[in-house]
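Student: Fold the stuff below for me.
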Amino acid sequence: MKRSFVAACGAAFLCGPALPGEALAARVPAMASMAPVVSVVSTVPAEMPALPGAPLPMLPPGGHYLSAGEELRVQGQAMSGWIFEAPGDIREIARWLSKQLPVLRDLLVAPGMVVLSGMDAQFHWSARLTDGGRGWTQGTLSRLPLRQPAARLSAAPWQPDGARLHFDVRWREARRAGVRQVWTHGAAPAALRPRLRASLQGAGWRADEPETAFPGRWSKASIQLSIVVVEQQAGSGIVTVLDWRE
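Tutor: Sure thing, here's the model as predicted:
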C-alpha cells in the first residue's frame, strides 16, 4: 500500500495514524530520529490488557512490553503507546502480530522498518518494527481512539509565516515533556534556514553551535529544540523536537 511521507513520519514517531500530505524527502524520517519520542518507565507483562475490551496482542515467548509514557497525544488526541521487543526477525514478528491483532492489515515497508496499521470500530492501531539485533525485533505499538473531540494545537515558538503543520506528537512523563512535529514550507531550505535562524535568535533562543551555517540544536532556559530542514519538491520539509522539564 502506497503511503505519503507524512504517513511514514507518523509511523516513525511512535506509529501515529496515516495522515494526508505531500510526499517529502525520504531522508527526513532518518534525520527525525535524532531524539527519543518517550522514555521507557515500567515493564508490563505481554498479556496485560491495555484497556477494558482492547487487550494488547500476545508476544512470542520471551517478548515483553514497556510503557511508552504517562501521557501521549497525536494531533492533540490522546493516544496509548507501548514499546516492545520479542525474539524473531521482523518478518516473523509482523506475521505474529497480524495474526494476534487482525486489524493490523495495512503494510508499509521502508528501509530498516516495517509498519502495520489498521482501524476497528473504536481505535486506529499501528505497529512499527525494527531489527533489534541478536535475532530480536524491537518496536512500538500505538492505539488512538477514533471518537474524540477536536483538539486545538498551540503554535510553535519558532514557526515562520507560511509553515504548515502535518504531524504533532506530544508526551509527558516523570516531570519531562516534549513535542515532535513535521512541517512543510514553500521556501527552499537555502532561503528558509536564515529566516528560521533570525526568528529563533530574535525570540531569545541560543544555538549550541553558533558557528555552523544552520545550527540543529537550540536552547532557551530549560527548553531544548532540535530542528532539521531538508529540501522537498515544493519547498522544505521541517522536523522539530521540543523537550523541557516541568
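
Student: which helix is the longest one in the chain?
Tutor: helix 189-202 (DSSP state H).

Student: Could you identify the helix or strand that succeeds that helix?
Tutor: strand 206-207 (DSSP states H and E).

Student: so what does that next one touch, helix or strand wise?
Tutor: Here strand 206-207 touches helix 189-202, strand 217-220, going by 3 or more Cβ pairs under 8 Å, 6 or more residues apart in numbering; DSSP states H and E. In this view, the C-beta of every residue, glycine as well, is placed from N, C-alpha and C.

Student: so how far is that strand from its chain's centroid?
Tutor: 25 Å (Cα atoms, centre = their mean, to the nearest Å).

Student: Pairing partners for it, with directions?
Tutor: strand 217-220 (antiparallel) (DSSP bridges).

Student: For the very next helix or strand once past the partner strand, list the C-alpha coordinates in CSV.
Tutor: Downstream of strand 217-220, the first helix or strand assigned by DSSP H and E is strand 223-232. These are the backbone C-alpha positions of strand 223-232, laid out as CSV (Å, rounded to 0.1, in the frame of the first residue of the first chain):
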residue,chain,number,x,y,z
ILE,A,223,13.8,24.1,26.8
GLN,A,224,15.7,22.3,24.2
LEU,A,225,14.9,22.5,20.5
SER,A,226,16.2,20.2,17.7
ILE,A,227,15.4,21.2,14.1
VAL,A,228,16.1,19.7,10.7
VAL,A,229,15.3,21.4,7.4
VAL,A,230,15.5,19.4,4.2
GLU,A,231,14.6,20.0,0.6
GLN,A,232,11.5,18.7,-1.0
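
Student: For strand 223-232, buried residues please.
Tutor: Within strand 223-232, the residues that qualify as buried are Q224, L225, S226, I227, V228, V229, V230, E231, Q232, counting by 16 or more other Cβ atoms under 10 Å.

Student: before we move on, which element is the closest residue to the first one other than its chain neighbours in?
Tutor: What that stands for is Q224. Spatially, and ignoring its direct neighbours in sequence, Q224 is nearest to D243 (4.6 Å; Cβ to Cβ, 6 or more residues apart in numbering). According to DSSP H and E, D243 maps onto strand 235-245.

Student: any idea of the mean pLDDT in that strand?
Tutor: For strand 235-245, mean pLDDT is 89.

Student: just how off-centre is it within its chain?
Tutor: On Cα atoms, centre = their mean, the centre of strand 235-245 falls 11 Å from the chain's centre.

Student: so what strands line up beside it?
Tutor: For strand 235-245, pairing defined by DSSP bridges yields strand 176-185 (antiparallel), strand 223-232 (antiparallel).

Student: just the angle between the last one and helix 189-202, please?
Tutor: With axes from the mean of the first three to the mean of the last three Cα atoms, to 10 degrees applied, the angle from strand 223-232 to helix 189-202 works out at 170 degrees.

Student: circling back: how about the strand holding D243: buried residues?
Tutor: Neighbour-count burial for strand 235-245 [16+ other Cβ under 10 Å]: G235, S236, G237, I238, V239, T240, V241, L242, D243, W244.

Student: Reformat those as TSV; add distance to P160.
Tutor: TSV is the format used below for the buried residues of strand 235-245 (distance: Cβ to Cβ, whole Å):
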residue	distance to P160
G235	11
S236	10
G237	13
I238	9
V239	14
T240	12
V241	17
L242	16
D243	21
W244	21
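
Student: wait, which of those is closest to V182?
Tutor: Of all these, the one sitting nearest V182 is V239; the distance, using Cβ to Cβ, is 5.6 Å.
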